[in-house]
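Engineer: fold the following for me, if possible:
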Amino acid sequence: MSKILREFYDTGVEFARTFGAFQLFFMRLLRHSPRILVSRLDLVIKQVFNSGSLSLVIIMVSGLFVGGVLGLQGYSNLARFNAEDAVGVFAAFGLVKELGPVITALLFAGRAGTSLASEIGLMKATDQLSAMEMMAVNPVPRVLVPRFLGGVIAMPFLAAIFSMIGLLGTHLVAVELLSVDVGAFWQQMQITVDIDDINEGIFKSFVFGVAASLIAVWEGYNAIPTAEGVGRATTRTVVITAIAVLVFDFMITALMI
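Structural biologist: Below you'll find the model as predicted:
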């Protein structure tokens with residue numbers, strides 16, 4: 001019994017130590033962020049391209065088919081109540097408030113997050129970060145902060161693109177395939193969805209961008225400098241980001257309601 005209690009105690013202490021180090025790491029990134037945005041904006045723009053533009057294909061294809069599925073499901077369920085024309089409202093709420101930010105964050109973690117973690121982990125494994133420190137160059141503002149900011153900036157734009165392409169997919173299925181009235185489809189959506197719903201989606205995508213980018217950078221920077229360590233850090237990035245996104249989604253939704 002004492003052995004089990006000891007293991008619980010050691011696990012709790014290790015979690016508290018890791019969580020504290022994680023918070024301090026986040027504070028270091030925030031402290032350097034304003035200066036990097038002003039002095040090294042070119043590095044941030046490059047990382048926005050790497051994290052955002054290179055993720056557009058998977059975001060757009062996924063958004064199109066998710067919107068199409070919403071159109072099919074919305075039509076089949078709303079038809080029971082003779083409310084097929086409200087399928088646009090059904091899809092808009094689902095995409096703007098929930099599916100857009102959440103699925104975009106999960107796709108971002110799988111594409112850009114793993115790329116960030118493996119890139120930084122490889123730089124650590126090949127002693128590039130140590131070489132920068134020996135040359136009196138702090139790797140945090142030079143390497144980590146631009147990648148963190150690039151992910152944070154790219155996420156809201158990716159979520160917006162996902163939602164827009166998703167609505168296009170819903171339109172193609174509901175209007176073109178299932179013959180829902182196009183005027184009612186868009187008019188009801190414009191009347192029902194207000195600015196508060198859009199702001200909720202933007203806020204969620206921003207929070208998810210911070211979480212996904214921070215976890216990716218943290219895992220890469222603290223990866224064990226071996227091939228196995230970098231692979232484990234990449235896997236942990238996806239797993240922890242997925243859990244964090246779903247937990248934050250529940251918390252934000254509860255606060256908004």
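Engineer: what about the longest helix in this structure?
Structural biologist: helix 2-39 (DSSP state H).
Engineer: tell me the angle the helix or strand containing Gly166 makes with helix 2-39.
Structural biologist: In this assignment (DSSP states H and E), Gly166 forms part of helix 145-171. Inter-element angle recorded for helix 145-171 and helix 2-39: 90 degrees (by axes from the mean of the first three to the mean of the last three Cα atoms, to 10 degrees).
Engineer: tell me the secondary structure at Val137.
Structural biologist: Under the three-state scheme (DSSP: H, G, I helix; E, B strand; the rest coil), Val137 adopts coil.
Engineer: quick one: buried residues of the helix holding Gly166?
Structural biologist: Of all the residues in helix 145-171, those buried under the rule 16 or more other Cβ atoms under 10 Å are 145-167, 169-171. (C-beta placed from N, C-alpha, C; glycine too.)
Engineer: next: stretch 119-139.
Structural biologist: 119-121, 123-125, 129, 132, 139.
Engineer: ok, how many other residues are close to Leu78?
Structural biologist: If you count neighbours by other Cβ atoms under 10 Å, Leu78 ends up with 18.
Engineer: then Pro225?
Structural biologist: 15.
Engineer: doesn't Ala125 make contact with it?
Structural biologist: Yes. The pair Pro225 / Ala125 is scored as a contact, 4.1 Å apart, by Cβ atoms under 8 Å.
Engineer: got a list of contacts for stretch 116-133?
Structural biologist: 51, 138-139, 142-144, 147, 151, 213, 216-217, 219-221, 223, 225-227, 229-230, 233-234, 236-237 (Cβ atoms under 8 Å, 6 or more residues apart in numbering).
Engineer: same thing but 6 Å
Structural biologist: Contact partners of stretch 116-133, identified using Cβ atoms under 6 Å, 6 or more residues apart in numbering, comprise 139, 147, 216, 219-221, 223, 225, 230, 233-234, 237.
Engineer: show the average pLDDT along that stretch.
Structural biologist: The average pLDDT within stretch 116-133 is 89.
Engineer: just how off-centre is it within its chain?
Structural biologist: 23 Å (Cα atoms, centre = their mean, to the nearest Å).
Engineer: output it as PDB - backbone C-alpha positions only.
Structural biologist: What follows is stretch 116-133, C-alpha atoms only, in PDB (Å, rounded to 0.1, in the frame of the first residue of the first chain):
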ATOM      1  CA  LEU A 116       7.400  22.100 -35.600                       C
ATOM      2  CA  ALA A 117       8.200  19.500 -32.900                       C
ATOM      3  CA  SER A 118      10.300  17.300 -35.100                       C
ATOM      4  CA  GLU A 119      12.200  20.300 -36.600                       C
ATOM      5  CA  ILE A 120      13.100  21.700 -33.200                       C
ATOM      6  CA  GLY A 121      13.800  18.300 -31.800                       C
ATOM      7  CA  LEU A 122      16.200  17.600 -34.700                       C
ATOM      8  CA  MET A 123      17.900  20.900 -34.100                       C
ATOM      9  CA  LYS A 124      18.500  19.800 -30.500                       C
ATOM     10  CA  ALA A 125      19.600  16.300 -31.500                       C
ATOM     11  CA  THR A 126      22.200  17.700 -33.900                       C
ATOM     12  CA  ASP A 127      23.400  20.300 -31.300                       C
ATOM     13  CA  GLN A 128      22.300  23.300 -33.400                       C
ATOM     14  CA  LEU A 129      20.700  24.900 -30.400                       C
ATOM     15  CA  SER A 130      23.800  24.200 -28.200                       C
ATOM     16  CA  ALA A 131      25.900  25.800 -30.900                       C
ATOM     17  CA  MET A 132      23.700  28.900 -30.900                       C
ATOM     18  CA  GLU A 133      24.100  29.200 -27.100                       C
END
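Engineer: got a pLDDT number for Leu41?
Structural biologist: Taking Leu41 on its own, its pLDDT is 88.
Engineer: kindly apply the preceding question to Ser2 instead.
Structural biologist: Ser2 is given a pLDDT of 71.
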